[in-house]
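**Student:** Okay, here's the prediction I keep looking at, along with the sequence it came from:
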Amino acid sequence: MPCCNKKKKLKGTDKLKSILEGWKNVIWRNPEIEKIAHDRAEICAKCDCNDKGWCNDCGCPIISKARSLSQYCDKWDKVDKQNGL
Ligand code: SF4
């Protein structure tokens with residue numbers, strides 16, 4: 001599967017909010033979000049777009065992207081659905 005998400009990308013204020021949400025969840029860990037982040041990160045670990053912990057598709061660090069519930073990736077669809085997102 002190619003890097004680029006087919007879904008519409010977040011922009012402007014929505015993107016800023018999603019970035020802040022991710023970093024908030026990096027600093028203040030929540031067990032439920034950690035499970036989702038773990039499942040997402042397992043997919044990122046095998047993804048060609050993962051460049052030393054950075055997602056080449058959006059330019060975000062995966063540590064925070066995976067912890068932002070408003071972020072999405074086509075490759076996360078299955079785990080996000082399993083986690084009720
Ligand atoms: S978020 Fe993860 S799985 Fe999705 S394109 Fe980026 S590195 Fe790949």
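**Tutor:** That came through, no problem. Numbering: from 1, shown residues only.

**Student:** for this protein, what spans make up the strands?
**Tutor:** When secondary structure is read from DSSP state E, the chain shows strands at 50-51, 54-55.

**Student:** Just list the residues touching Arg29, thanks.
**Tutor:** Listed by CB atoms under 8 Å, 6 or more residues apart in numbering, the contact set of Arg29 is empty. Where C-beta positions appear, they are placed from N, C-alpha and C, glycine not excepted.

**Student:** Quickly note the distance from the closest residue to Ser18 other than its chain neighbours to Ala41.
**Tutor:** Distances taken as CB to CB, 6 or more residues apart in numbering place Ser70 nearest to Ser18, at 4.3 Å, with adjacent residues excluded. Going from Ser70 to Ala41 by CB to CB, to the nearest Å gives 17 Å.

**Student:** which one of those two has more residues nearby?
**Tutor:** Each of Ser70 and Ala41 has its neighbours counted (other CB atoms under 10 Å); Ala41 has more, 18 against 14.

**Student:** My read is that the more buried one contacts Ala66, right?
**Tutor:** Yes: with contact defined as CB atoms under 8 Å, Ala41 reaches Ala66; the gap is 4.9 Å.

**Student:** Let me see the ranges of the helices in this protein.
**Tutor:** The residue ranges that make up the helices of the chain, judged by DSSP state H, are 12-27, 31-45, 62-65, 77-82.

**Student:** Check the offset of the shortest one from the chain's centre.
**Tutor:** The one in question is helix 62-65. Between the centre of helix 62-65 and the centre of its chain there are 6 Å (CA atoms, centre = their mean, to the nearest Å).

**Student:** Contacts made by that helix with the rest, please.
**Tutor:** Residues outside helix 62-65 that contact it (CB under 8 Å, 6+ apart): 19, 22-23, 25-26, 40-41, 44, 50, 53-55, 58, 71, 73.
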